[in-house]
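Engineer: Have a look at this prediction, sequence included:
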Amino acid sequence: SERYNARESEPKWQRRWDELKIFATRNDDPRPKYYVLEMFPYPSGRIHMGHVRNYTMGDVVARAMRARGFNVLHPMGWDAFGLPAENAAIERKVAPKAWTYDNIAAMKKQLQTMGLSLDWAREFATCDPSYYKHQQKMFLDFLRAGLVEREKRKVNWDPVDMTVLANEQVIDGRGWRSGAVVEQREMSQWVLKITKYAQDLLDALDTLDRWPDKVRLMQRNWIGRSEGLLIRFALDSATTPQGETELKIFTTRPDTLFGAKFMAIAADHPLAQAAAAKDPKVKAFVDECKRRGTAQADIDTAEKLGVDTGIRAVHPFDPEWQLPVYVANFVLMEYGTGAIFGCPAHDQRDLDFVNKYNLGNTPVVCPEGQDPASFVITDTAFDGDGRMINSRFLDGMTIAEAKEEVAKRLEAELRALPGSGEQAPVGERKVNFRLRDWGISRQRYWGCPIPIIHCPSCGVVPVPATDLPVTLPEDVTFDKPGNALDHHPSWKHVSCPQCGGKAQRETDTMDTFVDSSWYFARFTDPWNEDAPTTPEVANRMMPVDQYIGGVEHAILHLLYSRFFMRAMQATGHVSMPEPFAGMFTQGMVVHETYRKPDGGFVSPAEVMITADGDRRRAVLLDGQTPVEIGPIEKMSKSKRNTVDPDDIIGTYGADTARWFMLSDSPPDRDVIWSEEGVKGASRFVQRLWRLVNESVAIAGSAPADRPAEFGAEALALRKSAHGALDKVTSGIERLHFNVCLAHIREFANNLTDTLGKASTPTPDLAWAIREAAIVLVQLVSPMMPHLAEECWEALGQPGLVSEAPWPAVEPALLVKDSITLPVQVNGKKRAEVTVPRDADNPQIEAAVLALDAVKQALDGKPVRKIIVVPQRIVNVVG
Ligand code: ANZ
Ligand code: ZN
């Protein structure tokens with residue numbers, strides 16, 4: 001038969017699927033639903049290989065689950081707001097809207113060449129007013145529900161351009177366009193109260209058993225729950241600015257109180273302000289800290305610096321013991337109380353600090369087995385376990401006991417509160433979260449307008465529901481730095497909906513993470529004009545059963561989405577808290593890098609590779625200029641090591657690209673894109689096509705009805721087919737695609753071997769060959785859908801393989817993968833046990849103890865020990 005021609009075949013099947021609308025999902029379909037979603041793309045203009053990998057994986061799951069009888073929802077849309085559109089407007093003078101929708105059109109065309117089983121009828125872009133209208137409505141719902149507040153927050157301020165900068169516009173502390181040193185300014189921002197759900201977001205991680213452990217751990221750390229104690233330290237009045245009497249700190253290590261050497265406060269702590277007012281040295285330090293800002297990354301790495309305020313705090317267990325109060329650059333105002341006591345022996349930051357300012361250290365926790373007399377700390381703090389030393393009434397206790405003792409004593413001790421004179425405990429147990437409320441105000445044009453009006457007499461006034469959406473004006477200019485919405489001559493000037501007086505629109509727009517925090521719910525009914533969701537439909541189609549995306553979104557996007565679902569639940573838009581029942585984070589697509597003699601990167605398309613044994617050499621297309629083969633790195637424009645999906649699909653076809661993406665690496669690891677690999681995938685496409693055609697030729701005489709008996713050869717082939725079917729079915733469900741592909745190749749080899757031996761097969765073998773060919777085509781259909789349709793037709797099967805039900809496994813044909821081990825009781829062989837080959841020790845032990853022969857041999861004596869020698873023998877000691 002002829003070669004398979006992907007270039008002709010692929011568009012043909014894509015048109016057929018489209019005409020028949022076979023991927024359109026009906027919300028009233030009675031079958032059980034299965035919702036597959038890949039993280040929707042940002043419309044940058046062209047799809048890249050990361051997209052190809054992501055969408056291929058989702059499509060395999062979607063197609064397989066559809067064949068298995070589920071009502072599959074597999075939609076696609078566009079995460080379309082954001083800064084790049086504004087940059088394009090500045091650099092190329094195209095309107096953000098036109099730029100975005102042009103990109104969407106181009107990328108949609110590209111995606112369509114991949115043959116994805118998407119329900120395009122549900123497509124939307126987050127910049128469609130018909131989408132963000134509902135986002136504005138929910139913002140107002142959340143506001144009414146107490147889930148939105150206004151809060152002063154620090155922002156990056158460019159003093160030359162007089163504008164707020166996004167974090168990515170600050171490069172090495174300077175504005176990206178002006179080059180001016182960026183300052184931190186406080187501005188009123190809208191925040192979403194994610195902290196209200198901190199405990200719930202943490203607890204519910206335990207229910208997400210189809211999420212990667214590492215993602216759950218990242219979320220757990222981000223939420224950052226810690227149990228500790230608030231302690232009110234009295235201040236020595238002789239050293240303290242007027243009006244200040246105490247300093248409240250948060251600590252997770254109250255056990256270390258007797259190792260305290262200093263107190264430290266954040267530069268923007270009120271006490272620091274008071275001290276700065278009196279002491280120019282303190283003021284200079286405070287100003288410097290504020291100017292620099294305190295990003296977490298800097299705090300972890302920067303040198304620990306501070307200045308003594310002259311203020312002295314009193315140790316809570318010793319009125320004679322005074323501790324100096326420093327302003328320090330490693331204390332954050334936003335965490336705890338913005339103040340700490342420092343115990344250098346057991347905290348590295350504190351130790352670095354005292355070593356700089358010669359404040360000394362006293363260890364108070366001694367590791368087990370260490371002589372306390374010789375236990376000294378110099379450069380490395382000890383944060384391990386041990387027993388209390390140098391700590392008066394705590395000596396000899398464990399850390400846990402000491403924490404409890406300190407908490408009890410300080411809770412019981414009362415002191416008058418500053419100002420009121422009311423008595424209150426000196427210590428108070430407190431759970432702290434690292435998680436901050438989510439600031440969503442962005443001083444940008446290309447985002448969802450925040451539906452608020454500021455009125456001089458009424459204050460903050462929500463835009464009435466009937467006036468939604470608040471749409472973006474299109475006649476904007478980008479000739480000035482800053483927010484084009486703010487510069488617009490008329491847009492922001494409105495009359496107040498409450499008093500009718502002159503008022504101004506909020507010109508901040510929402511963080512684009514808001515747009516992506518609920519799009520998955522909108523996909524369930526994107527046609528509803530009146531509400532963000534149709535709750536009855538959303539509750540039926542949600543949660544997403546399998547979400548797939550990059551690990552770079554493992555924290556913020558997933559956490560924000562989990563918060564949003566809870567907030568939508570609180571405001572009646574859905575009735576479940578978790579958006580994603582199954583989560584999968586895919587690895588990256590990586591490629592070799594190439595450099596010319598002048599050091600410049602060149603793209604793979606510009607080099608020729610020759611292999612001489614194991615040594616590979618590269619030259620430019622001129623055949624002469626040598627090219628250095630560099631390390632394998634993530635595909636990126638700057639390294640020029642990208643491969644354009646269009647080129648690959650144009651040359652080899654989408655099926656080849658899809659097959660290669662799934663073949664080599666486990667899907668959560670990086671996959672190395674290589675020309676050799678793609679060629680290998682392309683050869684497999686042709687091989688399958690030949691194999692199916694040969695099967696048709698040889699098994700043309702196959703009886704229509706299933707024979708009653710099968711000979712040895714037919715039986716072996718059927719076992720291979722059903723074994724592969726079983727493993728691929730469960731493999732797809734677990735997204736073990738590379739393993740599935742290996743099983744398919746093995747099965748294809750078996751079919752090839754059988755054909756080689758059976759030029760004139762017996763009727764039972766002909767039937768088995770035909771069955772095998774059908775199963776093979778169905779198994780590859782989720783991965784290579786176009787080729788599979790072509791083969792399906794060659795097999796004379798009715799309809800489309802994309803609509804055919806998944807074949808049923810005949811359990812009797814599954815080769816059991818088990819192992820039989822001898823069992824000894826007290827040294828004598830008494831029995832044998834048969835267990836699954838991959839059984840773990842507890843499983844094997846349970847199976848052994850259940851054996852009658854073992855029970856008899858033990859004769860009522862208790863089992864002292866079971867020793868499993870893997871794959872060899874089990875010894876029971878009674
Ligand atoms: C005394 C102490 C002794 C501490 C010791 C640690 C070790 P997590 O677990 O992250 O909650 N801390 C508290 N507030 C801070 C702030 N605003 N900026 C910087 N550091 C702050 O960490 C809690 C610990 O971090 C607290 O416990 C406090 O230092 C510090 F051997 O108190 B600790
Ligand atoms: Zn008003």
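Structural biologist: Alright, I've got the coordinates. Residues are numbered from 1 along each chain as shown. Ligands and ions are numbered 1, 2, ... in the order given.
Engineer: Isn't Glu474 up against Tyr101?
Structural biologist: No: if you go by C-beta atoms under 8 Å, Glu474 and Tyr101 don't touch, sitting 11.9 Å apart. To be clear about C-beta, it is placed using only N, CA and C from the backbone, and glycine gets the same treatment.
Engineer: These two: who's more crowded?
Structural biologist: Tyr101 (17 against 9; other C-beta atoms under 10 Å).
Engineer: Quick check: closest non-adjacent residue to Cys289.
Structural biologist: Ala267 (3.6 Å; C-beta to C-beta, 6 or more residues apart in numbering).
Engineer: Arg429 in helix, strand or coil?
Structural biologist: strand (DSSP: H, G, I helix; E, B strand; the rest coil).
Engineer: Name whatever forms a beta bridge with it.
Structural biologist: Leu229 (DSSP bridges).
Engineer: Model confidence for it, exactly?
Structural biologist: For Arg429, the pLDDT comes out at 98.
Engineer: Just the element for Ala618, please.
Structural biologist: Assessed by DSSP states H and E, Ala618 sits inside strand 615-620.
Engineer: Quick one: list the elements packing against that strand.
Structural biologist: If you count contacts as 3 or more C-beta pairs under 8 Å, 6 or more residues apart in numbering; DSSP states H and E, strand 615-620 packs onto strand 607-612, strand 626-634.
Engineer: Among these, pick out the one with the most neighbours on average.
Structural biologist: Sort these by mean neighbour count, taking mean count of other C-beta atoms under 10 Å, and strand 626-634 sits at the top with a mean of 14.
Engineer: Tell me the neighbouring strands of that one, and mark each as parallel or antiparallel.
Structural biologist: Counting by DSSP bridges, strand 626-634 is paired with strand 589-595 (antiparallel), strand 615-620 (antiparallel).
Engineer: So which of the ones you listed is the most surrounded?
Structural biologist: Among those, highest average neighbours (mean count of other C-beta under 10 Å) belong to strand 589-595, with a mean of 21.
Engineer: name the helices or strands packed onto the helix or strand following that strand?
Structural biologist: Using DSSP H and E, the helix or strand that follows strand 589-595 in sequence is strand 601-602. The helices and strands touching strand 601-602, judged by 3+ C-beta pairs under 8 Å, 6+ apart, are strand 589-595.
Engineer: would you put the C-alpha positions of the strand it packs on in PDB?
Structural biologist: Only the C-alpha atoms of strand 589-595 are listed here, as PDB (Å, rounded to 0.1, in the frame of the first residue of the first chain):
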ATOM      1  CA  VAL A 589      10.100  20.800  26.400                       C
ATOM      2  CA  VAL A 590      13.800  21.300  26.200                       C
ATOM      3  CA  HIS A 591      16.300  21.300  23.400                       C
ATOM      4  CA  GLU A 592      20.000  21.600  22.800                       C
ATOM      5  CA  THR A 593      21.500  25.000  22.300                       C
ATOM      6  CA  TYR A 594      23.900  26.000  19.600                       C
ATOM      7  CA  ARG A 595      26.400  28.800  19.400                       C
END
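Engineer: For the helix or strand hosting Arg220, buried residues please.
Structural biologist: For Arg220, the host element (DSSP H and E) is helix 213-223. By 16 or more other C-beta atoms under 10 Å, the buried positions in helix 213-223 come out as 215-216, 218-219, 222-223.
Engineer: Would you check which pair of these lies furthest apart?
Structural biologist: Val215 and Ile223 (12.8 Å; C-beta to C-beta).
Engineer: Without its sequence neighbours, what residue ends up closest to the residue of the stretch 351-500 of the chain found nearest ligand 1?
Structural biologist: With C-beta to the nearest ligand atom, the shortest gap between the stretch 351-500 of the chain and ligand 1 falls at Asn432, namely 5.5 Å. Excluding the flanking residues, the one nearest Asn432 by C-beta to C-beta, 6+ apart is Ser226, at 5.2 Å.
Engineer: number of nearby residues for that neighbour?
Structural biologist: 14.
Engineer: And it, how far from Arg216?
Structural biologist: To Arg216, Ser226 is 18 Å away according to C-beta to C-beta, to the nearest Å.
Engineer: Repeat that for Ala67.
Structural biologist: 31 Å.
Engineer: who in the protein is up against ligand 1?
Structural biologist: Neighbours of ligand 1 within the chain, by C-beta under 6 Å from any ligand atom: 226, 250-253, 256, 330-332, 335-336, 338, 340-341, 343, 346-347, 432.
Engineer: again, 5 Å this time
Structural biologist: 226, 250-253, 256, 331-332, 335-336, 340, 343, 346-347 (C-beta under 5 Å from any ligand atom).
Engineer: residues touching the residue in the stretch 551-700 of the chain positioned nearest to ligand 2, list them.
Structural biologist: In the stretch 551-700 of the chain, the residue that lies nearest ligand 2 is Thr571 (25.3 Å; C-beta to the ion). By C-beta atoms under 8 Å, 6 or more residues apart in numbering, the contact set of Thr571 is 138, 141-142, 144-145, 147.
Engineer: host element of Arg718?
Structural biologist: Assigned by DSSP H and E, Arg718 falls in helix 712-733.
Engineer: and that helix, what's its mean pLDDT?
Structural biologist: pLDDT averaged over helix 712-733 gives 96.
Engineer: likewise stretch 781-794?
Structural biologist: Regarding stretch 781-794, the rounded mean pLDDT is 98.
Engineer: Check stretch 803-815 too.
Structural biologist: 92.
Engineer: neighbouring contacts of it?
Structural biologist: With C-beta under 8 Å, 6+ apart as the criterion, stretch 803-815 contacts 22, 64, 67-69, 715, 718-719, 721-723, 725-726, 729, 774-775, 778, 792, 797.
Engineer: Quick check on these: which are buried?
Structural biologist: 64, 67, 718-719, 721-723, 725-726, 729, 774-775, 778, 792, 797.
Engineer: out of those residues, what pair is the most spread apart?
Structural biologist: It's Lys719 and Trp792 that sit farthest apart of the buried ones among the contacts of stretch 803-815, by C-beta to C-beta, at 23.5 Å.
Engineer: Need the phi and psi values for the nearest residue to Val476 once chain neighbours are set aside.
Structural biologist: Leaving aside its chain neighbours, Val476 sits nearest to Ala484 (4.3 Å; criterion: C-beta to C-beta, 6+ apart). Main-chain dihedrals, Ala484, degrees, to the nearest 10: phi -60, psi -30.
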